[in-house]
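Undergrad: Output the structure for:
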Amino acid sequence: MAEDDLIAWERLRRDAERRGAFGALRTDAERRDADRERAVRLAADTLLDKALRRGDSEAGARKLVDRALTLSVPGSEPGEEGALAVHLFVWDALREVALDPAHPDWLDRAEAATPDGVGRSEWLAALRAVAGEGEIDQDERRRIRVLAGPAGDHDPFAGVPHDERVAATLQLLAAVRAVTA
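TA: Numbers count the residues shown, from 1 in each chain. Here you go, the predicted model:
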């Protein structure tokens, strides 16, 4: 490849790094904000994973969940990113088990493990998200619609006080353990 071609290729690569999802150039500030959001979600995901491995009966798990739910980025509501991270964590765990051929009864276990209260609405929202992706078979999607209702917008833990969020997240982690075991 000629040197001019390498230079052109490098310019294209750098330009692509600055572009957003639809090709619009993003500013340095937008890229920094997106990086902060990813870092906060990764931190929350790590804390939730540690809490999942510790179990919901330990005080340590409660502390980890509490910390995950307080994470936020500048300019957002306190705990907003942590709440979204919980939703994504549960959705990802359910999606992985749903797509694993070693767990053909995953939906039976998910239905049996459905928590009560606030945890229930978050659990059902994660199930609807799994069904909405279209990666599971039609019968499972139909069962989820009957169990969880139709898909729609979901704002994780909207209007729920922090202490109830922590308790519900511990319930969700227990349900994830029951389904993925």
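
Undergrad: which element follows the longest helix belonging to the chain toward the C-terminus?
TA: Criterion DSSP state H: the longest helix present in the chain is helix 28-54. Toward the C-terminal end, the helix or strand that comes next after helix 28-54 (DSSP states H and E) is helix 59-70.

Undergrad: The longest helix of the chain - what's its average pLDDT?
TA: Averaged over helix 28-54, pLDDT sits at 84.

Undergrad: Stretch 79-98 too?
TA: pLDDT averaged over stretch 79-98 equals 91, rounded to a whole number.

Undergrad: what comes into contact with it?
TA: Contact with stretch 79-98 is made by 37, 40-41, 44-45, 48-49, 68-73, 103, 106-107, 110, 122-123, 125-127, 129-130, 133, 135-136, 140, 154, 156-157, 162, 165, 169, 172, 175-176, 179-180, as judged by C-beta atoms under 8 Å, 6 or more residues apart in numbering. Any C-beta I mention is one placed from the backbone N, CA and C, and that applies to glycine too.

Undergrad: go with 7 Å
TA: Judged by C-beta atoms under 7 Å, 6 or more residues apart in numbering, the contacts made with stretch 79-98 from elsewhere in the structure are 37, 40-41, 44-45, 48, 68-73, 103, 106, 110, 122-123, 125-127, 129-130, 136, 156-157, 162, 165, 169, 172, 176, 179-180.

Undergrad: among the residues you listed, which ones are buried?
TA: Neighbour counting with 16 or more other C-beta atoms under 10 Å marks 40-41, 44-45, 48, 68-73, 103, 106, 110, 122-123, 125-127, 129-130, 136, 156-157, 165, 169, 172, 176, 179-180 as buried within the contacts of stretch 79-98.

Undergrad: returning to that earlier point: what residues sit buried inside the longest helix of the chain?
TA: Neighbour-count burial for helix 28-54 [16+ other C-beta under 10 Å]: 33, 36, 40-41, 43-45, 47-48, 50-52, 54.

Undergrad: can I get the residues you listed in TSV with distance to Glu77?
TA: Formatted as TSV, the entries for the buried residues of helix 28-54 read as follows, by distance: C-beta to C-beta, whole Å:
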residue	distance to Glu77
Asp33	15
Arg36	15
Val40	13
Arg41	15
Ala43	17
Ala44	14
Asp45	19
Leu47	19
Leu48	19
Lys50	24
Ala51	22
Leu52	25
Arg54	27
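
Undergrad: State the distance from Arg62 to Asp35.
TA: 29 Å (C-beta to C-beta, to the nearest Å).

Undergrad: next one: Lys63
TA: 27 Å.

Undergrad: rewinding a little: next, the angle from the longest helix of the chain to helix 59-70.
TA: For helix 28-54 against helix 59-70, the angle by axes from the mean of the first three to the mean of the last three C-alpha atoms, to 10 degrees is 160 degrees.

Undergrad: Many thanks, have a good one.
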